[in-house]
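In: Sharing a model prediction with you, sequence too.
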Amino acid sequence: MQGKTLVLVALLLMLGCTAQPPASDRLYQELGGQPGITRIVEGMLLNVARDGRIRHYFANVDIARLRSLLIQKFCADAGGPCRYEGASMAESHRGLNLQPADFNALVEDLQLAMQREGIPERTQNALLARLAPQRGQVIRQ
């Protein structure tokens, strides 16, 4: 399942898609609304904490604040009623020298969290497609 999703993300990036405002809150609802997104973010952060590939990037991060911002971000990107109030992706990742493998590890941790929540693959792919255009703002900033 992860391979299919990574292929989808790569395809979207090759097509040079740009972030489009969500047309409806359907994805938000399919992710379980605010409670579902909260569980997904919390699961992803737990996965990151155990992920030796990338957990060092989060060593000096205020995890409670990051949790709150990620919930806002995913909610807004999924068409929910939230407004993201954090820094731009480019600004918040500047100077980290993140590589594609780092980005992919985080995507895998997010996918695992969604799988554990029983989110259907189609819905997972829809969220990843909304997040994929931000990849260029995160890597090597």
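Out: Sure, I can see it.
In: Which helix or which strand is home to G136?
Out: Using DSSP states H and E, G136 sits in helix 135-138.
In: Now do that helix: which elements does it pack against?
Out: helix 2-14, helix 89-93 (3 or more CB pairs under 8 Å, 6 or more residues apart in numbering; DSSP states H and E). From N, CA and C alone the C-beta is placed, and that goes for glycine too.
In: for this protein, what spans make up the helices?
Out: 2-14, 26-30, 33-50, 63-77, 89-93, 100-116, 121-131, 135-138 (DSSP state H).
In: surely Y28 meets G79?
Out: Yes - counting by CB atoms under 8 Å, Y28 touches G79, with 4.8 Å between them.
In: More neighbours: which of these two?
Out: Between Y28 and G79, counted using other CB atoms under 10 Å, Y28 has the larger neighbour count: 23 against 20.
In: Name the nearest residue to the more buried one, ignoring sequence neighbours.
Out: Using CB to CB, 6 or more residues apart in numbering and skipping the chain neighbours, the partner closest in space to Y28 is G80 (3.7 Å).
In: can you list the helices of the chain in CSV and add distance to H56 and mean pLDDT?
Out: Formatted as CSV, the helices of the chain follow (distance: least, CB to CB, whole Å; pLDDT from 0 to 100):
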stretch, distance to H56, mean pLDDT
helix 2-14, 22, 43
helix 26-30, 32, 97
helix 33-50, 10, 98
helix 63-77, 14, 97
helix 89-93, 14, 89
helix 100-116, 10, 96
helix 121-131, 22, 96
helix 135-138, 16, 88
